[in-house]
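A.B. asks: here are the coordinates; sequence isn't available:
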Ligand SMILES: Cc1nc2c(=O)[nH]c(=O)nc-2n(C[C@H](O)[C@H](O)[C@H](O)CO)c1C
């Protein structure tokens, strides 16, 4: 049985991890290992530990960069760490970040955080269990959270 790691943060203003776990359970039977860390800069090592110590085949790393400039720097550092962890472990770590200022209100932010988390959970399921479904979607302008933008090709 495949194992999916889910790591989220206490800094985020919506429970992204619970949304992801719920979505995964609706689609596949997989072992799920969930941990929560304080903030996005703690995601890389937590993801690497899930892969190396808990034998996760893939990890979904969830977080909410805040709206200040320092938060954007944090997000870039966290992203770089997540990419490095992927290269060190040869496993996908699907980064799901929702920047606090992507939304105009708390209601829209909650909607976006849930929708993006669930849609990336589905991407993770496809990557692990049905990669051919992603190939079928190649170049179709998929977006997670907001509306898809569509293809401009044939
Ligand atoms: C400035 C800052 N901004 C964010 C943020 O926007 N989002 C987030 O999840 N965490 C932030 N943190 C906390 C760091 O990611 C980390 O948790 C602490 O530096 C402890 O390692 C910090 C320190």
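C.D. replies: Arrived safely, thanks for sending. Just so we're clear, the structure is a prediction, and the values are computed from it rather than from any experiment.
A.B. asks: only C-alpha atoms for contact and neighbour calcs from this point on.
C.D. replies: OK.
A.B. asks: What is the neighbour count of the residue lying closest to residue 140 once chain neighbours are set aside?
C.D. replies: Excluding its sequence neighbours, the residue lying closest to residue 140 (Cα to Cα, 6 or more residues apart in numbering) is residue 151, at 4.5 Å. The number of residues packed near residue 151 is 12, by other Cα atoms under 10 Å.
A.B. asks: can you check residue 80 too?
C.D. replies: Residue 80 has 14 nearby residues by other Cα under 10 Å.
A.B. asks: mind checking which helix or strand it is in?
C.D. replies: Taking DSSP states H and E as the criterion, residue 80 maps to helix 69-89.
A.B. asks: Buried residues, that helix. List them.
C.D. replies: Buried residues in helix 69-89, defined by neighbour count with 16 or more other Cα atoms under 10 Å: 71, 74, 75, 78, 79, 81, 82, 85, 86.
A.B. asks: returning to that earlier point: does the residue nearest to residue 140 lie in a helix or a strand, and which?
C.D. replies: Using DSSP H and E, residue 151 falls within no helix or strand.
A.B. asks: residues in this structure within reach of the ligand, list them.
C.D. replies: Residues of the chain lying near the ligand by Cα under 6 Å from any ligand atom: 11, 38-42, 63-66, 70-71, 74.
A.B. asks: picking up where we left off before, output the buried residues of helix 69-89 as JSON lines; include the columns pLDDT.
C.D. replies: Formatted as JSON lines, those follow (pLDDT from 0 to 100):
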{"residue": "71", "pLDDT": "98"}
{"residue": "74", "pLDDT": "98"}
{"residue": "75", "pLDDT": "98"}
{"residue": "78", "pLDDT": "98"}
{"residue": "79", "pLDDT": "98"}
{"residue": "81", "pLDDT": "98"}
{"residue": "82", "pLDDT": "98"}
{"residue": "85", "pLDDT": "98"}
{"residue": "86", "pLDDT": "98"}
